[in-house]
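Undergrad: give the three-dimensional model of this entry:
(one chain, ligands or ions: 2)
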Amino acid sequence: MSEPILEMTNVSKRYRTAGGFGRRRKGFLAVDGVSLRIGRGEALGLVGESGSGKSTLARMANGLVVPTSGTVRTDGQDVACLSRRGLRRLRRNVAMVFQDPLASLNPRQTVRQTLANVFHAHGEATSTAELVALLESVGLDADYLGRYPHEASGGQLQRVAVARALALKPDLIIADEPTSALDVSVRAQILNLLADLQRDQGISFLHVSHDLAVIRLYSDRVAVMQRGRIVETGPSDEIFRSPQHSCTRALVEATPEAELPA
Ligand code: ADP
Ligand code: MG
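TA: Residues are numbered from 1 along each chain as shown. Ligands and ions are numbered 1, 2, ... in the order given. As a prediction, the model looks like this:
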């Protein structure tokens, strides 16, 4: 088996907290001894109720959050041991798509500036043709280059955010609730776009959602998180068909009837 793109071993994150007597001293354990791996070209779905630690875990994968203990290896390298240059390379290889595209894009920058900045930040030149091709790969035409975020819809903005993530040809994309802030009508389009990228470009995915129905359709494997721990993992369909853990069962039961597998 080839080296996984991401391997987390016994990773924990304790946040320092301001409130409460006990909490003040001990802090809050948001992620508690999690191990997971994502193979090359694999899409792993991370599902769990709100507050279970999904975003914290996802952000430790690319160094946005530093683990309190445990090791994170991306592309075979220990993230804690990276130099500044190594960290830059990591951010290149591991891109993120966030929940709210409007909040994640600079309102004062056109789409052209947003995309060009990604190249500039990594010391690379770019051309209009390259930016247009990038937009086309996410289903937007060249007109969007001149637009500001307020001149586009939520779904279009999330496509721009995906284009930004794709710009430097990452090996892994972490999508943290990428459709939760979008209208129901465009959710499927964005999810299909991400699935196409996984299939056509062989990009690995860590797809985070509180919605098991979404995760099941777009992931090869699912990990279920509850209170900072992974309580169940397995192939998506299996998890859905015969959930073992009570938390997974609750997530399955919360899925609308129409989305249940036949
Ligand atoms: P999820 O993405 O599953 O909703 P999060 O990782 O965002 O979960 O949060 C897990 C827990 O950690 C929550 O109880 C949240 O309040 C807490 N938390 C998240 N970020 C911070 C932070 N920066 N400081 C303190 N507590 C935090
Ligand atoms: Mg979250």
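Undergrad: give me every residue in this structure lying close to ligand 1.
TA: Tyr15, Thr17, Phe28, Ala30, Gly48, Ser50, Gly51, Ser52, Gly53, Lys54, Ser55, Thr56 (C-beta under 6 Å from any ligand atom). (Each C-beta comes from the backbone N, C-alpha and C, glycine too.)
Undergrad: min pLDDT across those residues, which one?
TA: Lowest pLDDT within the residues of the chain next to ligand 1 is found at Thr17 (77).
Undergrad: tell me the SS of that residue?
TA: coil (DSSP: H, G, I helix; E, B strand; the rest coil).
Undergrad: burial measure for it, as a count.
TA: Neighbourhood size, Thr17 [other C-beta atoms under 10 Å]: 13.
Undergrad: my read is that it contacts Leu29, right?
TA: No: checked against C-beta atoms under 8 Å, the pair Thr17 and Leu29 is beyond contact range at 10.4 Å.
Undergrad: quick one, helices of the stretch 51-200 of the chain?
TA: 54-60, 84-93, 101-104, 111-121, 128-137, 154-166, 184-201 (DSSP state H, counting those that start in this stretch).
Undergrad: pLDDT score for Ala61?
TA: On the pLDDT scale, Ala61 gets 91.
Undergrad: which phi and psi does it have?
TA: Here is the backbone geometry of Ala61 (degrees, to the nearest 10): phi -70, psi -30.
Undergrad: against Thr128, how distant is it?
TA: Per C-beta to C-beta, to the nearest Å, Ala61 is found 33 Å from Thr128.
Undergrad: of the two, which one has the most company?
TA: Shown here are Ala61 and Thr128; by other C-beta under 10 Å, Ala61 has more neighbours (24 against 11).
Undergrad: residues in contact with the more buried one?
TA: Leu6, Met8, Val72, Thr74, Val94, Leu172, Ile174, Leu206 (C-beta atoms under 8 Å, 6 or more residues apart in numbering).
Undergrad: and the one helix or strand the last one maps to, what does it pack onto?
TA: Yep, that's Leu206 we're talking about. Assigning secondary structure by DSSP states H and E places Leu206 in strand 204-209. With contacts taken as 3 or more C-beta pairs under 8 Å, 6 or more residues apart in numbering; DSSP states H and E, strand 204-209 sits against strand 28-38, strand 43-48, helix 54-60, strand 172-176, helix 184-201, helix 212-218.
Undergrad: can you give me how far the last one is from the chain middle?
TA: Read that as helix 212-218. 14 Å (C-alpha atoms, centre = their mean, to the nearest Å).
Undergrad: elements contacting that helix?
TA: Checked by 3+ C-beta pairs under 8 Å, 6+ apart, helix 212-218 has strand 43-48, helix 184-201, strand 204-209, strand 221-226, helix 236-241, helix 246-253 packed alongside it.
Undergrad: sorry, back to before: pLDDT added to the contacts of Ala61, as TSV?
TA: Shown next, in TSV, are these (pLDDT from 0 to 100):
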residue	pLDDT
Leu6	97
Met8	97
Val72	96
Thr74	92
Val94	95
Leu172	96
Ile174	96
Leu206	96
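Undergrad: what parts of the stretch 51-200 of the chain come near ligand 2?
TA: Lys54, Ser55 (C-beta under 5 Å from the ion).
Undergrad: the nearest residue to Ala175 once chain neighbours are set aside and ligand 2: what is the separation?
TA: Once flanking residues are discounted, Ala175 sits nearest to Val97: 4.4 Å by C-beta to C-beta, 6 or more residues apart in numbering. Val97 is 13 Å from ligand 2, where distance means C-beta to the ion, to the nearest Å.
Undergrad: what of Arg241?
TA: 26 Å.
Undergrad: please renumber the chain so that the first residue is 139 from this point on.
TA: With the count now opening at 139, the last piece we talked about shows up as Arg379.
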